[in-house]
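K.L.:
Build me a model from this:
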Amino acid sequence: MAGAGLVAVAAPGGARDRCAERSDRVVVVEVDGLIDPVLADLIEDQVADAAETCPLALVLQFDSGGAVISDGEMDDLVATIERSPVPVAVWVGPSGSKAADEAVRVLAAADLTGVSVGSSVEVTPALLEARGLEPGDLGSVDVGDRVGARRAVELDLVDNDAPTILTFVVEIDGFRTEVVDGERRPTTEVAFTGLDVFGEVMHTVASPNVAYLLFVIGLGLLLFELFTAGVGIAGMVGAGSLVLGCYGLSVLPFRPVGVALLLFAMFGYGVDVQTGVPRVWTGIATVSFVLGSLLLYDGVSASWITLLVAFVGMTLAMVSGMPTMVRSRFSTPTIGRDWMIGEMGDARTDIAPDGVITLRGAPWRARTNRATPIRKGERARVVAIEGLVLEVEPEEGGARDHRERARSRQ
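P.N.:
Purely as a prediction, here's the structure:
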């Protein structure tokens, strides 16, 4: 293992004098994902807690591809780490983890650094400055490249290529171990912590893939609910998904044009769902949905697997599933719908000009064909059917349907 024998060097004087005497304990905090307000608060809170409890070190188990907080908030986070009265260490692991883009600033601010085998670190100006290196010291490696554990140690970008978190923490100055049956075991307490349940949920919601899926699923479910009577489970789930999706988008860097295209896609789908037959608006909406999905984020992106699932799922739902579900929800045991012409029903809501009518116990979307509105509870006659919407007229004063006139002449 390269870089063995790490020593936590505290800055002289200042805040770190408060923890001149430290407890026999190391705190390990899991930091996984883009650094958003939730993770930034976690790190700052853990530094504050460490200032009170004074452990040997605060270790960040790190896997982050960037940051979505502002430059000012990132500056504050780095300053918090640098001013910590307890040494802060960063271990990029386990295997397959990374420190990239703006997230490398957290690594650069740490007192002790390590990378697990199979993980990588991006070479950034902030890291070079923190390590006292120049681009010319990197040989064939350029700024912006990612290097693995062994190469990072060779270039002095990190202190350690520890394969596991235990291998990393045992090299902290003051960390105690004992040999039992030929095995080296720690006697210093190692406490692991991370986000609580609420924080984990909000951090997950703010990831690009989850925020995108929640947003489009919420829009789709609310569109479905528009073609049903009353507010059902789909509407409540859709509203919740949309709220969470909007929160995620508010944290992530998004383009307004992407959101606008997704909203326009829902409008286009709604036009054809109302008619019950996919037509030109479905094609327009699909193109808008694809473009909106691709243009939604600025600087981050949803995975291609996520986008493909959304494209296929939304297309199938709007071309086949949505019309079928809407027809099923409004269906009655009777085969065919011609029987409804001339039938009398009760207005479940005011129909002025749109509303809901109850016909033989089943709710249907209705639209009056006359200027006079039909009030809730009044009787109404079905005179025509357009897609999934019944055209109705008042019981009193309405024009007689042409089928009734034809039957009266027979």
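K.L.:
next one: stretch 109-128 to chain centre, how far?
P.N.:
In terms of Cα atoms, centre = their mean, to the nearest Å, the centre of stretch 109-128 is found 27 Å from the chain centre.
K.L.:
Does Arg381 touch Leu390 like I think?
P.N.:
No: under the criterion of Cβ atoms under 8 Å, Arg381 makes no contact with Leu390, lying 10.0 Å away. All C-beta spots, glycine's among them, are computed from the backbone N, C-alpha and C.
K.L.:
Which one's more surrounded, those two?
P.N.:
Taking neighbours as other Cβ atoms under 10 Å, Arg381 and Leu390 compare with Leu390 leading, 26 against 23.
K.L.:
Look up phi and psi at the more buried one.
P.N.:
Here is the backbone geometry of Leu390 (degrees, to the nearest 10): phi -90, psi 130.
K.L.:
Just confirm Gly162 contacts Val92, I think it does.
P.N.:
Quick fix: residue 162 is Ala, not Gly. No: Ala162 is not in contact with Val92 according to Cβ under 8 Å; the separation is 9.8 Å.
K.L.:
what residues are shared contacts of these two?
P.N.:
114-116 (Cβ atoms under 8 Å, 6 or more residues apart in numbering).
K.L.:
In the stretch 251-400 of the chain, what residue spans correspond to helices?
P.N.:
Secondary structure of the stretch 251-400 of the chain (DSSP state H, counting those that start in this stretch): helices located at 256-275, 280-294, 304-316, 322-329.
K.L.:
Need the CA coordinates for the second one. CSV is fine.
P.N.:
Read it as helix 280-294. Output in CSV follows, covering the C-alpha atoms of helix 280-294 (Å, rounded to 0.1, in the frame of the first residue of the first chain):
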residue,chain,number,x,y,z
VAL,A,280,-51.2,13.7,-35.7
TRP,A,281,-51.1,15.3,-32.2
THR,A,282,-49.7,12.0,-30.8
GLY,A,283,-46.8,12.2,-33.2
ILE,A,284,-46.2,15.9,-32.4
ALA,A,285,-46.4,15.1,-28.7
THR,A,286,-43.9,12.2,-28.9
VAL,A,287,-41.3,14.4,-30.7
SER,A,288,-41.8,17.1,-28.1
PHE,A,289,-41.5,14.6,-25.3
VAL,A,290,-38.2,13.2,-26.7
LEU,A,291,-36.7,16.7,-27.3
GLY,A,292,-37.8,17.9,-23.8
SER,A,293,-36.2,14.9,-22.2
LEU,A,294,-32.9,15.4,-24.0
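K.L.:
what bits of the stretch 51-200 of the chain have low per-residue confidence?
P.N.:
Along the stretch 51-200 of the chain, no part satisfies pLDDT under 70.
K.L.:
Show me where it has its strands.
P.N.:
With strands called from DSSP state E, counting those that start in this stretch, the stretch 51-200 of the chain shows them at 57-63, 88-92, 98-99, 112-115, 120-122, 146-148, 177-180, 183-186, 189-193.
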